[in-house]
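> Requesting a structural model of the entry that follows:
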Amino acid sequence: MSQSFIVDRSDLRRTRFVDDGAATIPLSEGQARLRIDSFALTSNNVTYGAFGDAMHYWDFFPTEVAGHGRIPAWGFADVTESKADGVAVGERVYGYFPMSTHVVLQPAQVSDSGFFDGATHRRELHAVYNQYTRCRSIPGYDAQRESEIALLRPLFVTSFLIDDFLADNAFFGAMQVLLSSASSKTAYGTAFCLALRRGAPGTPKIVGLTSPANVGYTEGLGCYDEVLTYDAVRSLNAVTPTVYVDYSGSAPLRSTIHTHFNDQLKYSCSVGGTHWDELGGGKGLAGPRPILFFAPAQLKKRSADWGAAGLGQRIAAAWTAFMKPVTDPARPWMKVVRGHGAQDVQATYLALLAGTVPAQEGHVLSL
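Next comes the predicted model:
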């Protein structure tokens, strides 16, 4: 029996577990069955659900239950059955999976490093999310660090690319970068990358916005120059040229920031939806129109600029630096929390929706 976690696309609070048949359905030639061992569940997955229609996140792992969808997650799985050339039973891979016990993939473009899912319904979706990496080919792979990889690696690549995008555009002439949901992993990953530029000409001030409960944790990270609560936005100097990087998706907060800075808001970058219940459009706002950041576009640009190897080296160097404070034995930025079974998956997911998961925790789950 296979088990899959699905949500109501019109109300993310409503969840179900269903048997999608992935554990027992006969394989066709060219397919492989994988047992999903573990996956990370963070506020980033809330963003996947919040932007499921706009960014096609629902399309990766469709479900036959009307009105429902499967939120993707990053994790690790083992090949348990294969009719795909070059993909052997027992191989362990890292990639984009449903929150399920099993998944059936159609490996294509198989290489020493991994393969892509060539399923028809995924061919029009971005290749970044369709790639599965053999663990033995991950540089510096350590099985003891799989949790950190699943929790932070995909988020940190996005963080790296946001920082790079802003720097590539000379920060749009801004003197400060304002980041909402500053305690979230993607936000503080971006702040970490921005902080690596400290001391260089034109480097902007890094300001984090967070809830009162997370101020102490966020300040303790050391990568923000200033941390404020959301209700303190208007205390910032309104004539300071500013870039807003929005991880919260909160329409009221966005409106406040746009109104406060108006023409001094040089760029408004929409990234996430951690405040999924406050989402709203960008019409009628003062200042610039919010623009959704699409990480694969910057990835493609830098692959062309630097070559795939050059880009990989830069990301690897930043990741290595980032992992030092994240895993610092004396004062780690993140505490891995593991959960097993349907009850833990649902409880963690609902806690993320409610915003009650402590900022320091990183949850890794399995069904």
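
> so Asp37, which of the three states?
Using DSSP: H, G, I helix; E, B strand; the rest coil, the structure places Asp37 in strand.

> Would you mind listing the residues in contact with it?
Residues in contact with Asp37 (CB atoms under 8 Å, 6 or more residues apart in numbering) are 75-78, 92, 366. (Each C-beta comes from the backbone N, C-alpha and C, glycine too.)

> next helix or strand past the longest helix seen in the chain?
For the chain, the helix that runs over the most residues, judged by DSSP state H, is helix 295-326. Per DSSP states H and E, the first helix or strand lying C-terminal to helix 295-326 is strand 335-340.

> Now that next one: buried residues?
Neighbour-count burial for strand 335-340, counted by 16 or more other CB atoms under 10 Å, picks out 336-337, 339.

> packing partners for it?
helix 146-168, helix 341-354, strand 361-366 (3 or more CB pairs under 8 Å, 6 or more residues apart in numbering; DSSP states H and E).

> Take those and write them to JSON lines, including mean neighbour count, mean pLDDT and distance to Tyr57.
JSON lines is the format used below for those (neighbours: other CB atoms under 10 Å; pLDDT from 0 to 100; distance: least, CB to CB, whole Å):
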{"stretch": "helix 146-168", "mean neighbour count": "22", "mean pLDDT": "95", "distance to Tyr57": "13"}
{"stretch": "helix 341-354", "mean neighbour count": "17", "mean pLDDT": "96", "distance to Tyr57": "15"}
{"stretch": "strand 361-366", "mean neighbour count": "21", "mean pLDDT": "97", "distance to Tyr57": "18"}
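
> Distance to Phe322 for the ones you listed - can I get that in TSV?
Shown next, in TSV, are these (distance: least, CB to CB, whole Å):
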stretch	distance to Phe322
helix 146-168	6
helix 341-354	22
strand 361-366	13
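
> Can you list the low-confidence ranges for the stretch 151-300 of the chain?
273-282 (pLDDT under 70).

> Do a quick rundown of the strands in it.
176-179, 205-210, 226-229, 242-246, 265-270, 291-292 (DSSP state E, counting those that start in this stretch).

> can I get those strands in a markdown table with distance to Thr47 and mean neighbour count?
A markdown table is the format used below for the strands of the stretch 151-300 of the chain (distance: least, CB to CB, whole Å; neighbours: other CB atoms under 10 Å):
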| stretch | distance to Thr47 | mean neighbour count |
| --- | --- | --- |
| strand 176-179 | 15 | 25 |
| strand 205-210 | 17 | 24 |
| strand 226-229 | 22 | 17 |
| strand 242-246 | 11 | 26 |
| strand 265-270 | 10 | 21 |
| strand 291-292 | 11 | 12 |
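
> how about CSV for these, with distance to Gln346 added?
Below are these laid out as CSV (distance: least, CB to CB, whole Å):
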stretch, distance to Gln346
strand 176-179, 30
strand 205-210, 26
strand 226-229, 30
strand 242-246, 28
strand 265-270, 29
strand 291-292, 29
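
> Looking at these, which is nearest to His68?
strand 291-292 (24.5 Å; CB to CB).

> And the contacts of stretch 125-142?
Residues from elsewhere that reach stretch 125-142 (CB under 8 Å, 6+ apart): 56, 59-60, 72, 76, 91-96, 105, 107, 112-117, 122, 143, 149, 295-296, 299, 316, 320.

> again with stretch 144-151
Against stretch 144-151 from outside (CB under 8 Å, 6+ apart): 38-40, 42, 74-76, 94, 138, 185, 323, 326-327, 334, 336, 338, 362-364.

> and with 10 Å instead?
37-42, 44, 73-76, 92, 94, 97, 135, 138, 141-143, 152-153, 156, 185, 319, 322-323, 326-327, 332, 334, 336-338, 361-365 (CB atoms under 10 Å, 6 or more residues apart in numbering).

> can I get the CA coordinates of it in CSV?
Extracted C-alpha coordinates of stretch 144-151, given in CSV (Å, rounded to 0.1, in the frame of the first residue of the first chain):
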residue,chain,number,x,y,z
GLN,A,144,24.8,12.1,7.9
ARG,A,145,24.0,15.5,6.4
GLU,A,146,21.0,14.4,4.3
SER,A,147,18.7,16.3,6.5
GLU,A,148,20.5,19.6,6.0
ILE,A,149,20.7,19.0,2.3
ALA,A,150,17.0,18.4,2.0
LEU,A,151,16.1,21.3,4.3
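
> How far off centre is it?
14 Å (CA atoms, centre = their mean, to the nearest Å).
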